[in-house]
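> what follows is a predicted protein model with its sequence.
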Amino acid sequence: MRRTLGTALIAVGALLLLYVGYRYTAGAYERDAARTAWAALEARNAVATASSSVAAAPTHTTYATGALVGRLLIPAVQLDEVIAEGVDDDELDAGPGHLPGSVSPGEPGNAVISAHRDRHFHSLGRVVIGDTVITVTRTLRTVWVVTGRRIVGRYQPSLYPSKEPELTLTTCWPIRYVGPAPDRLILTAKPILQPPRA
Amino acid sequence: MSLKHIPLLVCALAALTAAAGAQFTAAVIPPAAKAKVDTTEKKDSVRRATVALAARVTDMRKWVDSAAGVSIPGGDSTSLASNTTDTAGAGRTASQVRDSASRNRDSTVLSRNSRIRTDSATSISTAEVHDSTGLKAPDSTAAPVSSSSRSRADTRRFAAGATAPATAGILPFLAITGVTILIAGLALRRT
């Protein structure tokens, strides 16, 4: 009886671990696919920009769910991820997600980017005020400086639109909490340099 | 043939040789190949020169006419552009100029130039870029979709103040649970 129960527990545990491993592996694969797709997109964008000196600067860009929005770099914590549109599980598996309804990074307004604390934003807790954040979209490359860091409750509204360009990075808090985290880490950044993409 | 005819004979031979050399040659020299010129660039440079020249000529004629007290109707500048367009193609022969196809081409260039000239300098450069490359500006909305009702709803929700997305993945919890169950199962089997 014990042996049977032990075998059943081993099987259940193994299945759980297999599922977790599958999800992490699929996430890593989707992340690589997103990076490859973004590199191809950047190459096409570079060719198109080189072919024509007239670049259309959109004032407000909207994306389809799952579409690539841009790239996020935080040199201080060696973070380099490709941003996809949407904050559902499918999008967050591949990388940080851009909150639908918020503006594209670099455009006037508040751009919100979220990611899992156990994956792409696991190092976000080490980012401090004054650190540099870089976002690259199809039309804008923006350098930001982190100006705010706060922890809010799970149900507390904390994301608002703004008139000036602003970047908000969010993840769950505490970073190493097991289970549904009760809080959210909110980092806000302001642009310090915004040259047009060459 | 006497000796006094020898110089005459030499001169005649020399003259014949020169004439024969003009008509016959041992080696056929192919005509020099035309240097390949990027026609797009050439057309573009010609067009730029045309625009500049047309503007200069128009100004000059305006100045001369104003000095002479003659008023220029609005459409006159177009006809001036037409003239300068023809002078830009100075390398063409008269028959080519009369060719209807080239006239059509000229009229296209003319219409472009007249349109360009009425616009600002910025639009001149814009039109030149589009004309020379034949490419449009990168379409920034190729992958992004236009505003839909869903995105408008998202925007409205965000404008009212949104909570941070739930990014607490369940995977770490599942991993720890799985390891715990696995260890418990192994322990049960050993006892």
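Structure received. Since the model is a prediction, treat every value here as computed from it, not as a measurement.
> and residue A:44, which helix or strand is it part of?
Using DSSP states H and E, residue A:44 maps to helix A:2-51.
> after that helix, which helix or strand is next?
Once helix A:2-51 ends, the next helix or strand along the chain (criterion: DSSP H and E) is strand A:68-74.
> what comes into contact with that next one?
For strand A:68-74, contacts defined as CB atoms under 8 Å, 6 or more residues apart in numbering or on different chains pick out A:34, A:37-38, A:41, A:63, A:79-85, A:96, A:98, A:104-105, A:113, A:123-124, A:127, A:131-138, B:143. From N, CA and C alone the C-beta is placed, and that goes for glycine too.
> average pLDDT for that strand, rounded please.
For strand A:68-74, the mean per-residue pLDDT is 93.
> ok, residues contacting the helix or strand just after that strand?
Per DSSP H and E, the first helix or strand lying C-terminal to strand A:68-74 is strand A:79-85. The contact list for strand A:79-85 (CB under 8 Å, 6+ apart) reads A:31, A:34-35, A:37-38, A:63-73, A:91, A:94-98, A:100, A:105, A:113, A:115, A:120-121, A:123-124, A:135.
> re the thing from before, got a ChimeraX select line for the buried ones in the contacts of strand A:68-74?
What follows is the ChimeraX syntax selecting those of the contacts of strand A:68-74 that are buried according to 16 or more other CB atoms under 10 Å in any protein chain shown:
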select /A:34,37,38,41,63,79,81,82,83,84,85,96,98,104,105,113,124,127,131,132,133,134,135,136,137,138 /B:143
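> what's the weakest-modelled helix or strand in chain A?
helix A:89-94 (a mean of 83; mean pLDDT, DSSP states H and E).
> and that helix, what does it pack onto?
helix A:2-51, strand A:79-85 (3 or more CB pairs under 8 Å, 6 or more residues apart in numbering or on different chains; DSSP states H and E).
> centroid residue for chain A?
residue A:96 (2.0 Å; CA atoms, centre = their mean).
> pLDDT score for that one?
Predicted confidence (pLDDT) for residue A:96: 92.
> can you check the one 5 residues further on too?
We have a pLDDT of 87 for residue A:101.
> likewise residue B:35?
49.
> with residue B:182 instead?
92.
> element containing it?
Per DSSP H and E: helix B:171-190 holds residue B:182.
> which residues does that helix contact?
Under CB under 8 Å, 6+ apart, the answer for helix B:171-190 is A:2-3, A:5-17, A:19-20, A:23-24, A:118, A:178-179.
> show me which of those are buried.
Neighbour counting over those (16+ other CB under 10 Å) leaves A:6, A:9-10, A:12-13, A:16-17, A:20, A:23-24, A:118 as the buried ones.
> residues contacting residue A:163?
By CB under 8 Å, 6+ apart, the neighbours of residue A:163 are A:108-109.
> coming back round to it: out of the buried ones among the contacts of helix B:171-190, which comes closest to residue A:47?
residue A:24 (35.2 Å; CB to CB).
> so where is chain A shaky, pLDDT-wise?
A:49-59, A:193-198 (pLDDT under 70).
> biggest strand in it by residues?
strand A:141-153 (DSSP state E).
> list the strands paired with the helix or strand just after it, with their directions.
Using DSSP H and E, the helix or strand that follows strand A:141-153 towards the C-terminus is strand A:166-173. Each strand paired with strand A:166-173, and its direction, by DSSP bridges: strand A:110-114 (parallel), strand A:183-193 (antiparallel).
> okay, now residue B:161: neighbour count?
12 (other CB atoms under 10 Å in any protein chain shown).
> wait, what's in contact with it?
So residue B:161 contacts A:157-160 (CB under 8 Å, 6+ apart).
> and chain B, which of the residues you listed reach it?
When CB under 8 Å from any CB of the partner chain is applied, the members of those adjacent to chain B are A:157-160.
> which one (most neighbours) among those residues?
Neighbour max across the ones next to chain B among the contacts of residue B:161 (other CB under 10 Å) = residue A:159, 22 neighbours.
> for it, give the beta-bridge partners.
Per DSSP bridges, the residues bridged to residue A:159 are residue B:162.
> from memory it sits against residue A:99, does it?
Yes. Counting by CB atoms under 8 Å, residue A:99 is a contact partner of residue A:159 at 7.1 Å.
> who touches both of those two?
With CB under 8 Å, 6+ apart, residue A:159 and residue A:99 have common neighbours A:112, B:158, B:162.
> which one is the residue nearest to the centre of chain A nearest to, not counting chain neighbours?
Counting by CB to CB, 6 or more residues apart in numbering or on different chains, the nearest residue to residue A:96 once its immediate chain neighbours are dropped is residue A:115, at 3.8 Å.
> quick one: contacts for the one you found?
Contacts of residue A:115 by CB under 8 Å, 6+ apart are A:81, A:92, A:95-97, A:121, A:124, A:171, B:167.
> let's see that with 6 Å instead.
For residue A:115, the contacting residues are A:96, A:121, A:171, by CB atoms under 6 Å, 6 or more residues apart in numbering or on different chains.
> who's in contact with the second one?
Taking CB under 6 Å, 6+ apart as the criterion, residue A:121 is in contact with A:115, A:171.
> report how many residues lie close to residue A:73.
As a burial measure, residue A:73 scores 16 neighbours (other CB under 10 Å).
> whoops, I mixed them up, residue B:191
8.
> and for residue A:78?
If you count neighbours by other CB under 10 Å, residue A:78 ends up with 8.
> grab the nearest non-local neighbour of it.
residue A:123 (7.3 Å).
> could you do residue A:14 as well?
residue B:182 (6.3 Å).
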